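Chemist: pasting the sequence and the predicted model now:
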Amino acid sequence: MLIVTTENLAGHRVVEVRGQVFGVVVRSRGLAGNILAGLRSLVGGEITEYTLLLEEARRHAIDRMVRNASLMGGNAVVMMRFDSSEMGQTMSEIVAYGTAVVVEKLPA
């Protein structure tokens with residue numbers, strides 16, 4: 001599955017648009033992670049517990065988006081974006097979304 005943030009894929013032609021596609025993940029850091037992150041925030045710097053949580057959530061959101069694009073018959077996703085929000089004080093929602101398309105490689 002090709003995934004790009006652009007409208008077009010170099011060397012490919014969009015032959016069919018299958019429609020909007022997305023993958024949603026809601027994650028919560030456990031109590032121990034929240035305590036560690038809270039302590040780390042007192043001294044400043046990167047809070048690796050949350051960085052890892054969000055990286056993993058983005059990967060899962062992309063995987064779900066790809067699965068949905070495949071179910072729609074697409075072989076690529078164009079104009080892919082991420083959106084995120086907080087739900088309460090302990091949960092984060094990550095959405096990967098774009099347009100599922102069918103592309104074919106252009107002759108060389």
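Modeler: Right, received. Where do you want to start? The structure presented is a predicted model; accordingly, all values stated were derived computationally and were not measured.
Chemist: surely residue 107 forms part of a helix?
Modeler: No: counting by DSSP: H, G, I helix; E, B strand; the rest coil, residue 107 falls outside a helix, being coil.
Chemist: count of neighbours near it?
Modeler: Look at residue 107: counted by other Cβ atoms under 10 Å, it has 5 neighbours. In short, each C-beta sits where N, CA and C put it, glycine included.
Chemist: separation between it and residue 13?
Modeler: 10 Å (Cβ to Cβ, to the nearest Å).
Chemist: again, but for residue 73
Modeler: Here residue 73 is placed at a distance of 17 Å from residue 13 (Cβ to Cβ).
Chemist: is the residue nearest to residue 3 when sequence neighbours are not counted in a helix, a strand, or coil?
Modeler: When the adjacent residues along the chain are set aside, residue 3 lies closest to residue 77, with 4.8 Å between them (Cβ to Cβ, 6 or more residues apart in numbering). With three-state DSSP as the basis, the three-state label of residue 77 is strand.
Chemist: just the one 5 residues further on next, same as before
Modeler: When classified by three-state DSSP, residue 82 comes out as strand.
Chemist: show me what contacts it?
Modeler: By Cβ atoms under 8 Å, 6 or more residues apart in numbering, residue 82 lies in contact with 58, 61, 94-96.
Chemist: name the residues that touch the longest strand along the chain?
Modeler: Using DSSP state E, we find that the single longest strand of the chain is strand 12-28. Residues from elsewhere that reach strand 12-28, judged by Cβ under 8 Å, 6+ apart: 2, 8, 53-54, 56-57, 60-69, 72-74, 76-78, 87, 90-106.
Chemist: ok, it: who's next to it in the sheet?
Modeler: In the sheet, strand 12-28 lines up against strand 91-105 (antiparallel) (DSSP bridges).
Chemist: what about the strand it pairs with, distance to the chain center?
Modeler: With Cα atoms, centre = their mean, to the nearest Å as the basis, strand 91-105 stands 7 Å off its chain's centre.
Chemist: only C-alpha atoms, please: export it in PDB.
Modeler: What follows is strand 91-105, C-alpha atoms only, in PDB (Å, rounded to 0.1, in the frame of the first residue of the first chain):
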ATOM      1  CA  MET A  91      -6.700   9.500  26.900                       C
ATOM      2  CA  SER A  92      -5.500  10.500  23.400                       C
ATOM      3  CA  GLU A  93      -7.300  10.000  20.200                       C
ATOM      4  CA  ILE A  94      -5.200   9.700  17.000                       C
ATOM      5  CA  VAL A  95      -6.800   9.600  13.500                       C
ATOM      6  CA  ALA A  96      -5.000   8.800  10.300                       C
ATOM      7  CA  TYR A  97      -7.100   9.800   7.300                       C
ATOM      8  CA  GLY A  98      -6.900  10.300   3.600                       C
ATOM      9  CA  THR A  99      -8.400   9.300   0.200                       C
ATOM     10  CA  ALA A 100      -8.200   5.600  -0.900                       C
ATOM     11  CA  VAL A 101      -7.400   5.400  -4.600                       C
ATOM     12  CA  VAL A 102      -6.400   2.800  -7.200                       C
ATOM     13  CA  VAL A 103      -3.200   3.800  -8.900                       C
ATOM     14  CA  GLU A 104      -1.200   2.200 -11.800                       C
ATOM     15  CA  LYS A 105       2.500   2.600 -12.500                       C
END
